[in-house]
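K.L.:
what would the 3D arrangement of this be:
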Amino acid sequence: MVGKKRFVIIANGFLINVEGYLLEMGKSTYNRKKLPPEDMYKTPEEYYQGEVLEDYTRSKSLMRIQERITKRALRILGDPAPNCLILDMGMGCGFSTSYLFLNNYNVVGIDLIYEMLTKYKIPELNPVNGNIKKLPFRSKSFDYIISISALQWIINKLKRVERARVLKDVAIRIDLLLKRKGKAVFQFYSVSSNVMREIGAVFADNGHFGEESTFIIDNPNSSTKRKTFLYLKKE
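P.N.:
Take a look at the predicted model:
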């Protein structure tokens, strides 16, 4: 990609900053009170095992949360028509994937943890056991890509140089997998403003993502409801 792209931050519909890739988010009263698992464990495999995995996959409250986030992601994508093909990156046990399937979307899900993929018996989903850092699909396969609560695990515990390399690989792969005019949305929980700058810069410089690509932050000042979305639209 030639030249610097502009990535914007929108919080509850209000523009915070439009200059450069991604600059300061302004003053926020948001303060994360406890460390999430991705800040305490090196990999998702270390965390999601045994009783933790069983509790996660059986949790009705987590299922409802994932469904709400998936609905929000679909709105950000412009409410795609049900006959499109969607990739669910980091599907976990299939909360989002199942919701999409039951609402008549054509969906393919992929996750690194095999045990996650065995919890819900919906054979039509045919989930893929694989690494979202190395997506094993053909170019221009998907109309849309969604990823709910997985991006923070991709870059978890990585130093800046390695994080930039991993994000670059993901950005290039997303660009290859999306059809022309395709869209992607990554929902993730809070990372530092410096890391958000890095994410914005990497996706701006790698791939054919247009000027509409942006960060959207819902409930930016809430410690419990804050959610960040990276929206990408391929040119």
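K.L.:
going forward, measure contacts between C-alpha atoms and count neighbours the same way
P.N.:
Will do.
K.L.:
quick one: Glu162 from Glu38, how far?
P.N.:
The gap separating Glu162 from Glu38 is 17 Å, by Cα to Cα, to the nearest Å.
K.L.:
more neighbours, these two?
P.N.:
Taking Glu162 and Glu38 together and counting by other Cα atoms under 10 Å, Glu38 has the greater number of neighbours (19 against 12).
K.L.:
who does the residue nearest to Ala73 when sequence neighbours are not counted bridge with?
P.N.:
In space, Ala73 comes closest to Val185 once its chain neighbours are excluded; the distance is 6.5 Å by Cα to Cα, 6 or more residues apart in numbering. Going by DSSP bridges, Val185 is paired in beta bridges with Ile146, Tyr231.
K.L.:
can you count the residues close to Pro127?
P.N.:
Quick note: Pro127 (other Cα under 10 Å) scores 23 neighbours.
K.L.:
hang on, isn't it packed against Lys119?
P.N.:
No - Pro127 lies out of contact with Lys119 (Cα atoms under 8 Å); the separation is 11.3 Å.
K.L.:
roughly how far does the nearest residue to Pro37 once chain neighbours are set aside sit from Leu176?
P.N.:
Leaving aside its chain neighbours, Pro37 sits nearest to Tyr47 (7.1 Å; criterion: Cα to Cα, 6+ apart). As judged by Cα to Cα, Tyr47 and Leu176 stand 31 Å apart.
K.L.:
okay, Ser223 and Ala171: tell me how far apart.
P.N.:
From Ser223 to Ala171 the distance is 29 Å (Cα to Cα).
K.L.:
buried sites along stretch 78-94?
P.N.:
Buried positions in stretch 78-94, judged by neighbour count with 16 or more other Cα atoms under 10 Å: Pro80, Leu85, Ile86, Leu87, Asp88, Met89, Gly90, Met91, Gly92, Cys93, Gly94.
K.L.:
least confident secondary structure element in the chain?
P.N.:
strand 14-17 (a mean of 38; mean pLDDT, DSSP states H and E).
K.L.:
can you name the next helix or strand after that strand?
P.N.:
Next helix or strand after strand 14-17 toward the C-terminus (DSSP states H and E): helix 37-40.
K.L.:
so where's the protein shaky on pLDDT?
P.N.:
Residues of the chain meeting the criterion pLDDT under 70: 1-34, 190.
K.L.:
could you pull out the helices in it for me?
P.N.:
In the chain, helices defined by DSSP state H lie at 37-40, 44-47, 50-58, 60-76, 95-102, 151-154, 160-177, 193-205, listed in chain order.
K.L.:
quick one: work out the angle between the last one and helix 160-177.
P.N.:
With axes from the mean of the first three to the mean of the last three Cα atoms, to 10 degrees as the criterion, the two stretches helix 193-205 and helix 160-177 enclose an angle of 40 degrees.
K.L.:
let's see helix 193-205 as CSV, backbone CA atoms only.
P.N.:
Output of helix 193-205 as CSV, limited to C-alpha atoms (Å, rounded to 0.1, in the frame of the first residue of the first chain):
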residue,chain,number,x,y,z
SER,A,193,-3.3,3.0,23.0
ASN,A,194,0.3,2.3,21.8
VAL,A,195,-0.8,-1.2,20.6
MET,A,196,-3.9,0.2,19.0
ARG,A,197,-1.6,2.6,17.1
GLU,A,198,0.5,-0.4,16.0
ILE,A,199,-2.6,-2.3,14.9
GLY,A,200,-3.9,0.6,12.9
ALA,A,201,-0.5,1.2,11.2
VAL,A,202,0.0,-2.4,10.3
PHE,A,203,-3.4,-2.8,8.7
ALA,A,204,-3.0,0.5,6.9
ASP,A,205,0.3,-0.5,5.4
